[in-house]
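J.: Any chance you could fold what I've pasted below:
(one chain, ligands or ions: 1)
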Amino acid sequence: MSEMRCVIAGTGGFLPERVVTNNDLTEWVDTSDEWITERSGIRQRHMAADGEYTSDLAIGAGKAALESAGLTAEDLDFIIVATTTPDETLPSTACKVQAALGMHEGAAFDIQAACSGFIYGLSIADGFIRSGQAKNILLIGAETLTRIIDWEDRTTCVLFGDGAGAVVLQGRDDVGNRGVVASKLRSDGRQHDILYSDGGTSMTGTSGTIQMEGKDVFRHAVSNLSSVIGEVLAKTDLTQDDIDLLVPHQANKRIIDGVGKKLRMDAEQVMITIADHGNTSAASVPLALDRAVREGKVNEGDILLLEAMGAGLTWGAAVLRW
Ligand code: ACO
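T.: Numbers count the residues shown, from 1 in each chain. I've put the predicted structure just below:
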């Protein structure tokens, strides 16, 4: 028996059926497929249907992750949902997911760290598992960002989409050094004004819509992500040359390419899914991870680096040995 490790036992993803292509958007705002593809790498996004909520997407991804782990909701100690777009102000979306999945013990709660929500959730879950407070945790990133977009603002509306991704995290003391190796979370509230929503429960009683200084966010993304990757690797005995697969937040292909280049990674070592679903905030890292697993890109013993940056600003990275 060795130390308790937090391993990923299953992954799942869920995207709403409706697809909105870049060409579809040209009917709503003054833009073009060429501009969106060149500047962001996005070709299409999924949009939740009327009456389809963040919890519905989370339930779809959660069920898929439980199935791939070979577990049921009754095996879970916690459900954590990372979201910026909860169904309601209260209760948490996680509690709705808990009821729908049929988990009647344990606890469920939401966390809000914008696009970094999944990395934050992974770090929290790793702590619960290592400290013996949990054996199995369902961690979901789920968003309906199309509900908080100003559809007349072409500088933001072309970038975001709806979706959910999930992982089942399991405490194991028989897997050697597999599992989460280290994580590092950061935030800088002074950068609030470069990415925020212009409303909220306490301020306006409405959700508001996403406001963004794109160039500033871009600049911070490349430098913050590069530095946090150095910080998380410094907590391990690994170097950037040990990374087999980069699973980044899917905000902009140019940001992903910039980080991949700094890490000297080949194109096939970087998981890129942004073309198919745009920026799905907290859902994007688990959606990309789920696709990597299903496409056979992840093998036992591989070193994975997960990273994200979003509003707050928040950012973070995690190193896993699969
Ligand atoms: N279609 C056509 N033209 C457009 C569009 C559009 N959709 N949007 C802006 N333009 C125009 C601008 O008006 C500008 O025109 P001008 O030169 O006549 O003034 C021109 O295109 C260039 O605009 P820029 O803003 O300079 O374009 P840039 O190359 O910076 O790309 C983008 C913009 C894609 C937003 C980029 O800055 C970016 O990706 N930033 C980071 C976003 C991000 O990472 N967000 C992550 C977090 S999201 C979260 O946490 C929820």
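J.: mind saving the C-alpha coords of stretch 276-295 as PDB?
T.: As requested, the backbone C-alpha atoms of stretch 276-295 are provided in PDB (Å, rounded to 0.1, in the frame of the first residue of the first chain):
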ATOM      1  CA  ASP A 276     -16.100  22.300 -32.700                       C
ATOM      2  CA  HIS A 277     -17.600  24.100 -29.700                       C
ATOM      3  CA  GLY A 278     -15.900  27.400 -29.100                       C
ATOM      4  CA  ASN A 279     -15.200  28.600 -25.500                       C
ATOM      5  CA  THR A 280     -17.300  26.600 -23.100                       C
ATOM      6  CA  SER A 281     -15.600  28.100 -20.000                       C
ATOM      7  CA  ALA A 282     -15.500  25.500 -17.100                       C
ATOM      8  CA  ALA A 283     -16.600  22.700 -19.500                       C
ATOM      9  CA  SER A 284     -13.700  23.100 -21.900                       C
ATOM     10  CA  VAL A 285     -10.900  21.200 -20.200                       C
ATOM     11  CA  PRO A 286     -13.000  18.200 -19.300                       C
ATOM     12  CA  LEU A 287     -14.600  18.100 -22.700                       C
ATOM     13  CA  ALA A 288     -11.100  18.100 -24.300                       C
ATOM     14  CA  LEU A 289      -9.900  15.500 -21.800                       C
ATOM     15  CA  ASP A 290     -12.900  13.300 -22.600                       C
ATOM     16  CA  ARG A 291     -12.200  13.500 -26.300                       C
ATOM     17  CA  ALA A 292      -8.500  12.700 -25.800                       C
ATOM     18  CA  VAL A 293      -9.400   9.600 -23.800                       C
ATOM     19  CA  ARG A 294     -12.000   8.500 -26.300                       C
ATOM     20  CA  GLU A 295      -9.600   9.000 -29.200                       C
END
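J.: Stretch 94-111: which residues count as buried?
T.: 94, 95, 96, 97, 98, 101, 103, 106, 108, 110, 111 (16 or more other C-beta atoms under 10 Å). Using the backbone N, CA and C atoms, a C-beta is placed for each residue, glycine as well.
J.: can you list contacts of that stretch?
T.: The list of residues contacting stretch 94-111 from outside it, by C-beta atoms under 8 Å, 6 or more residues apart in numbering, reads 55, 58-59, 62-63, 66, 72-74, 76-83, 86-87, 92-93, 117, 120-121, 124, 134, 138, 140.
J.: Among the residues you listed, name the ones in strands.
T.: Using DSSP state E, the members of the contacts of stretch 94-111 that fall in strands are 78, 79, 80, 81, 82, 138, 140.
J.: Excluding chain neighbours, give the residue nearest to residue 252 in space.
T.: Counting by C-beta to C-beta, 6 or more residues apart in numbering, residue 252 lies nearest to residue 40, which is 5.0 Å off, once chain neighbours are set aside.
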